[in-house]
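1. A predicted structure for the sequence below; I have some questions about it.
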Amino acid sequence: MLNIMQITLKGIFRDRVFQGIMALGVLFLFIPSAASLSMRQVTELSITLSLSLISFILLLLAVFLGSTSLWKDMERRYTFSVLSLPLSRSSYLLGRFCGLALFLILTSTVLGTVAGLVIKMAYGIYPSDRPIVWSWLALAVLFATLKYILLVGVAMLLSTVSTSFFLPIFGTICAFLSSGITQQVYEFVNSPAAAKTVSPLMKPLVTAVYYLLPNLAGFDLKVNAIYGIAPNPAGLWLTFAYFCAYTAILLGAATLLFNRREMK
């Protein structure tokens, strides 16, 4: 499995994905100028823009790398050569996932460091009454990374049942978009205000969809990083446990489907 991780990382760097990330990273240089348009909250806006840019780049990587990794291997007949070796399909799939997850961690570390320098620069030029809590900022980047690693798991699961990259890409994007509203819909359907307007048959359906789709709202710690608000430790541990459990379920299902898939 370690060899597959190394091959995955080498393939990503060979495709010059990291160079593309660095090209997008140039946008960080414009954050202090853009944040200066806010006369009273320059530092807060700098943190907001930095975290948003990091999330956007990680989202692109999670969707496109996670969705096309298996598909490209099958198109190039690389999968058949690898699986002819004494290597199980499970090890191959997990090696691919771990390689992509490691690349996301590397990317978020580099981008988080650049964002920290940019935020410090903005804070030095336009001092704020509210101090920057760097630990909460680092925690926001960490949990954003976990969120998109989980999204890679969704993309890998969809890749095991698809013969093209369309279903994994659009399915992962839909899962990401729906994850932002499932909590609100679930709370509304189960609220007293919806008792007279929502059909009783709708509640179990919404509940099933709520637990089936990933809930990524708990990974968003932007508000804590922007305003220096200490997050709830119990909530952090619960979110981390959710990440571990949901990712394990995704990989377990992906492994099961990949082992049953016919290779032609």
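-> Structure's in. What do you need?
2. so where is the stretch 1-150 of the chain shaky, pLDDT-wise?
-> Applying pLDDT under 70 to the stretch 1-150 of the chain flags the ranges 1, 39, 73-87.
3. all helices for it, in order.
-> Under the criterion DSSP state H, counting those that start in this stretch, the stretch 1-150 of the chain carries helices at the ranges 2-14, 17-25, 31-35, 42-75, 78-83, 89-125, 134-159.
4. Out of these, indicate the one that is most buried.
-> Of all the helices of the stretch 1-150 of the chain, helix 134-159 carries the top mean neighbour count, a mean of 23, counting by mean count of other CB atoms under 10 Å. C-betas here are computed from N, CA, C, even on glycine.
5. got a list of what the closest residue to Phe219 other than its chain neighbours touches?
-> Leaving aside its sequence neighbours, Phe219 sits nearest to Lys147 (CB to CB, 6 or more residues apart in numbering; 3.8 Å). Applying CB atoms under 8 Å, 6 or more residues apart in numbering to Lys147 gives the contacts 58, 216, 219-220, 243.
6. Would you convert those residues into JSON lines that also reports distance to Leu250?
-> Shown next, in JSON lines, are the contacts of Lys147 (distance: CB to CB, whole Å):
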{"residue": "Leu58", "distance to Leu250": "17"}
{"residue": "Leu216", "distance to Leu250": "13"}
{"residue": "Phe219", "distance to Leu250": "15"}
{"residue": "Asp220", "distance to Leu250": "20"}
{"residue": "Phe243", "distance to Leu250": "11"}
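7. For those, give me a markdown table that also has secondary structure and distance to Ile173.
-> Formatted as a markdown table, the contacts of Lys147 follow (DSSP: H, G, I helix; E, B strand; the rest coil; distance: CB to CB, whole Å):
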| residue | secondary structure | distance to Ile173 |
| --- | --- | --- |
| Leu58 | helix | 14 |
| Leu216 | coil | 13 |
| Phe219 | helix | 17 |
| Asp220 | coil | 18 |
| Phe243 | helix | 20 |
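8. Show me the one in those that has more neighbours than the rest.
-> In terms of neighbours by other CB atoms under 10 Å, those top out with Leu216 at 25 neighbours.
9. Can you list the buried residues in stretch 246-260?
-> Neighbour counts over stretch 246-260 (16 or more other CB atoms under 10 Å) mark 246-247, 250-251, 254-255, 258 as buried.
10. contacts for that stretch?
-> Contacts of stretch 246-260 (CB under 8 Å, 6+ apart): 89-90, 93-94, 97, 149-150, 153-154, 156-157, 159-161, 214.
11. what about that stretch, distance to the chain center?
-> How far stretch 246-260 lies from its chain's middle: 18 Å, per CA atoms, centre = their mean, to the nearest Å.
12. For Ile183, grab the count of nearby residues.
-> To be clear, residue 183 is Gln; Ile isn't right here. By other CB under 10 Å, 14 other residues sit near Gln183.
13. Just give the closest residue to it, not the sequence neighbours.
-> Leaving out its chain neighbours, the residue that sits closest to Gln183 by CB to CB, 6+ apart is Ala217, at 5.1 Å.
14. Equivalent analysis for Ile125, please.
-> Leaving aside its chain neighbours, Ile125 sits nearest to Pro32 (6.4 Å; criterion: CB to CB, 6+ apart).
15. With Thr239 instead?
-> Sequence neighbours aside, Gly218 is the residue nearest to Thr239 in space, at 4.2 Å (criterion: CB to CB, 6+ apart).
16. can you pull the contacts of the residue nearest to Ile125?
-> Pro32 is in contact with 42, 46, 118, 121-122, 125, counting by CB under 8 Å, 6+ apart.
17. Return the member of those nearest to Met202.
-> Nearest to Met202, judged by CB to CB, of those is Ser46 at 43.0 Å.
18. Pull up the gap between the closest one and Ala230, please.
-> 21 Å (CB to CB, to the nearest Å).
19. Give me the phi and psi angles of Ser36.
-> Note on Ser36: its backbone torsions stand at phi -70, psi -10 [degrees, to the nearest 10].
20. For burial, what's the neighbour tally of it?
-> Here the count is done by other CB under 10 Å, and Ser36 has 14 residues near it.
21. what's the answer for Ser88, then?
-> Counted by other CB under 10 Å, the residues lying close to Ser88 total 12.
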